[in-house]
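Asks: sharing a sequence plus its predicted fold:
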Amino acid sequence: MINTAFYEKIVELDPALHRKLRLDTTYCNFEFARHYTTVPLSCAEFARAAHEYPVVFIRDKEQLLQPVVLLGVKEAENLYVNAAGLWDAAYLPVFIGHYPFVMEGGADLSGVRIDEQCVALNYETGELLIDEEGVIQPRLHEELQFLHDYRRELADTRRFIEQLDELFVPARFAEEDGQTVQLDGIYLIDQEKLQKIADERLPALFHSGALRLIYLHLASLDNVLRLLNKAATRAAEKEFKLSVIKKFQLQDASNLRKPEPSAPMRRVKPGDEPDSQDQRKQEVLRKLAEEKHRLAREHMERYARGAEEAAASVPMADVEFSIEPVVEPGVEPGVAHAVAPVVEHVPKPAEEARTVPAWSWGLAAVMLLAVIWGMSRGPRHAPPPVVAEKAVVQVASQAEPMTMVRIAAGSFEMGSKRGDPDEKPVQRVKIGHAFEMGKTEVTQGQWREVMGSLPQTLSFKSCGDQCPVESVSWNDVQEFIVKLNAKSGLHYRLPTEAEWEYACRAGGKHTYCGSENPDSVAWYGNAKIGKTPHPVATKEPNAWGLYDMSGNVWEWVDDCYQKHYRSGDNRARCERVLRGGSWSNDADTPRAANRYKRSAKDRINNNGFRLVRGL
């Protein structure tokens with residue numbers, strides 16, 4: 001089940017040999033990964049990957065353990081690449097997402113290596129990597145820095161896993177006769193060994209983050225059921241395709257006409273064979289291609305329809321909006337300000353299993369992985385406390401211009417006891433309406449699609465379409481919203497300050513939007529990351545699936561700035577509020593409660609925005 005190679009033809013980029021080389025991402029699909037059964041993973045990816053895939057371990061050529069995501073149930077099978085060559089999951093592993101740049105290798109490699117077989121590499125279209133004089137362009141510089149950091153992360157991950165080597169055992173499953181069979185090449189944490197760890201060792205494992213990764217690994221095994229559903233769907237599609245081929249062949253055979261008895265048989269000369277058989281073959285191939293495209297469309301429509309039905313099936317509570325100040329000792333009650341919610345996160349419904357014929361390999365895979373899932377379920381963290389008002393979060397339909405996350409009404413505490421004066425006093429706020437918020441900040445690509453071109457004041461054009469748009473004023477954003485609403489027929493707007501912090505805190509009381517550690521959720525101006533914006537959704541999301549609520553760019557909200565927060569103040573002329581911090585600020589700035597103000601006409605290269613939509 002383990003991949004032996006990830007790339008076809010690896011070469012090192014040479015500025016002298018690869019002048020004028022370009023990367024055209026419009027040609028990129030995931031056909032190259034169709035036979036990747038496992039893909040390497042770094043510790044930094046564990047949290048997001050564990051939501052989508054089973055995270056297991058394999059031994060490399062040096063017999064060292066490394067974490068991987070399990071993408072299939074048999075050799076050379078990737079169930080997450082669909083018939084159209086698209087990736088069928090929300091999170092894309094870094095190893096896949098940065099193709100054709102080669103991720104393998106140690107942190108000491110200074111050069112950039114590529115898979116020369118990638119069709120996206122050419123000398124005519126796309127983003128320039130090396131100019132005609134052999135000068136490396138910004139896009140390639142960025143990739144070089146990323147590869148250096150990622151290879152270092154992989155090396156750190158390997159050293160980290162080595163410390164836990166004694167806890168791993170080969171994955172096994174039990175047959176009906178009681179015999180135990182080993183699953184070749186796959187390793188899991190042994191819960192019995194985990195429970196026998198000496199008490200004096202636990203604090204070090206906890207503070208280093210090892211326990212968190214162990215439990216993420218064990219929790220990820222719940223995704224085995226998702227993998228089995230995909231395997232069953234893929235098997236059904238394969239069986240249907242075979243039946244279509246057989247049907248065409250039978251029809252073709254029945255349509256063959258015997259020669260008339262009275263007609264003399266023509267002697268066929270060499271090189272003069274009839275081409276009717278070739279024509280029939282071409283017709284069958286044409287019909288198969290049409291059937292492949294139809295299956296791909298049905299496949300995508302089924303998942304889109306499933307997401308919409310899941311969103312519609314969860315009832316949303318409706319709570320009146322009210323503000324109740326929280327009185328702190330020694331602090332006089334003031335006007336309402338920002339606070340954090342403690343809200344239950346209700347996970348999305350699991351994908352509905354499909355009933356399919358029980359082919360021999362399918363049965364074996366189902367029995368094998370189901371037992372792994374059942375035997376390897378480990379301890380879980382205790383669920384967060386539940387309050388009377390629950391917030392339900394669901395991903396909205398992706399047919400809309402913006403990818404939105406649906407958030408229900410609820411209550412939270414807004415502000416901070418230890419923050420700046422304008423963050424006090426802490427007050428309880430109830431959001432009495434459901435709304436949808438952008439999963440990410442509005443990107444350069446989304447701005448161009450609506451406005452026709454990027455802002456002239458944009459500072460980081462080379463960052464790319466997936467980077468947040470910046471250097472836009474509050475007034476510019478209002479113009480963008482007007483055009484977006486006219487094109488889409490929907491009603492987007494900026495969030496209120498309370499809506500923003502409610503969504504940022506996502507039912508918790510973390511210092512940052514989803515974490516106590518800014519490095520896990522925020523791009524901010526520390527020496528390690530560098531002072532520049534980054535593509536959206538490359539850090540961990542908060543509990544409600546919102547990315548970059550802390551850091552990357554400041555986000556405009558709809559409210560006028562007041563020394564103490566008060567809802568409903570939206571005068572035509574006032575200083576407007578920004579939330580969330582940015583790439584240029586220190587670690588204290590992207591806190592959940594932090595507030596900032598600017599003139600509505602200011603265009604600063606660390607200011608952006610995200611949208612909401614009322615329901």
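Replies: Perfect, I can see it now. Numbers count the residues shown, from 1 in each chain.

Asks: beta partners for Arg428?
Replies: Listed by DSSP bridges, the beta-bridge partners for Arg428 are Glu324, Glu413.

Asks: now it: how far from Tyr547?
Replies: 27 Å (C-beta to C-beta, to the nearest Å). Heads up, the C-betas are built off the backbone N, CA and C, glycines and all.

Asks: between the two, point out the one with more neighbours.
Replies: Between Arg428 and Tyr547, counted using other C-beta atoms under 10 Å, Tyr547 has the larger neighbour count: 23 against 18.

Asks: ok, the residue nearest to that one when sequence neighbours are not counted - contacts?
Replies: Using C-beta to C-beta, 6 or more residues apart in numbering and skipping the chain neighbours, the partner closest in space to Tyr547 is Ala537 (4.2 Å). Contact analysis of Ala537 by C-beta atoms under 8 Å, 6 or more residues apart in numbering lists 439-440, 466, 547-548.

Asks: just the helices in this protein please.
Replies: 46-52, 94-97, 138-162, 191-195, 202-208, 210-220, 224-254, 276-313, 360-375, 444-451, 474-488, 497-505, 518-521 (DSSP state H).

Asks: comparing these, which gets the lowest mean pLDDT score?
Replies: Among the helices of the chain, helix 360-375 has the lowest mean pLDDT, at a mean of 50.

Asks: pLDDT weak spots in the stretch 1-150 of the chain?
Replies: 1-5, 27-28, 104-111 (pLDDT under 70).

Asks: how about the strands in it?
Replies: 10-12, 22-23, 38-40, 55-59, 65-70, 113-115, 121-122, 127-128 (DSSP state E, counting those that start in this stretch).

Asks: buried stuff in the fourth one?
Replies: The neighbour-count criterion (16 or more other C-beta atoms under 10 Å) identifies 55-58 as the buried residues of strand 55-59.

Asks: now do stretch 432-442
Replies: By 16+ other C-beta under 10 Å, the buried positions in stretch 432-442 come out as 434-442.

Asks: repeat that for stretch 452-464.
Replies: Applying a neighbour-count criterion of 16+ other C-beta under 10 Å, the buried positions in stretch 452-464 are 454-455, 458, 460, 463-464.

Asks: from the residues you listed, which is closest to Leu140?
Replies: Gly464 (12.7 Å; C-beta to C-beta).

Asks: still on that earlier bit, so for Lys247, which of the strands of the stretch 1-150 of the chain sits nearest?
Replies: Nearest of those (C-beta to C-beta): strand 65-70, 34.9 Å.

Asks: quick revisit: closest one to Asn78 out of the buried residues of stretch 452-464, please.
Replies: Gly464 (26.1 Å).

Asks: need the contact list for the closest one.
Replies: By C-beta under 8 Å, 6+ apart, the contact list for Gly464 reads 127, 139, 444-445, 535.

Asks: just send the residues you listed back as JSON lines, with neighbour count and distance to Leu484 too.
Replies: As requested, the contacts of Gly464 are exported to JSON lines (neighbours: other C-beta atoms under 10 Å; distance: C-beta to C-beta, whole Å):
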{"residue": "Glu127", "neighbour count": "15", "distance to Leu484": "26"}
{"residue": "Arg139", "neighbour count": "18", "distance to Leu484": "28"}
{"residue": "Gln444", "neighbour count": "24", "distance to Leu484": "15"}
{"residue": "Gly445", "neighbour count": "14", "distance to Leu484": "13"}
{"residue": "Pro535", "neighbour count": "19", "distance to Leu484": "21"}
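
Asks: of those, which is the nearest to Gly580?
Replies: Nearest to Gly580 among these, with distances taken as C-beta to C-beta, is Pro535, at 16.5 Å.

Asks: give me the pLDDT value at the closest one.
Replies: 93.

Asks: the residue nearest to it when sequence neighbours are not counted: how many residues sit nearby?
Replies: Using C-beta to C-beta, 6+ apart and skipping residues adjacent in sequence, the residue nearest Pro535 is Gln466, 4.0 Å away. Per other C-beta under 10 Å, the neighbour tally for Gln466 reads 16.

Asks: I'd say Gln466 and Thr443 touch.
Replies: Yes: assessed by C-beta atoms under 8 Å, Gln466 is found in contact with Thr443 at 5.7 Å.

Asks: shared neighbours, these two?
Replies: Shared contacts of Gln466 and Thr443, counting by C-beta under 8 Å, 6+ apart, come down to Val536.

Asks: that older thread, with distance to Ser416 added, can I get the strands of the stretch 1-150 of the chain in JSON lines?
Replies: Shown next, in JSON lines, are these (distance: least, C-beta to C-beta, whole Å):
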{"stretch": "strand 10-12", "distance to Ser416": "50"}
{"stretch": "strand 22-23", "distance to Ser416": "44"}
{"stretch": "strand 38-40", "distance to Ser416": "40"}
{"stretch": "strand 55-59", "distance to Ser416": "35"}
{"stretch": "strand 65-70", "distance to Ser416": "36"}
{"stretch": "strand 113-115", "distance to Ser416": "47"}
{"stretch": "strand 121-122", "distance to Ser416": "49"}
{"stretch": "strand 127-128", "distance to Ser416": "42"}
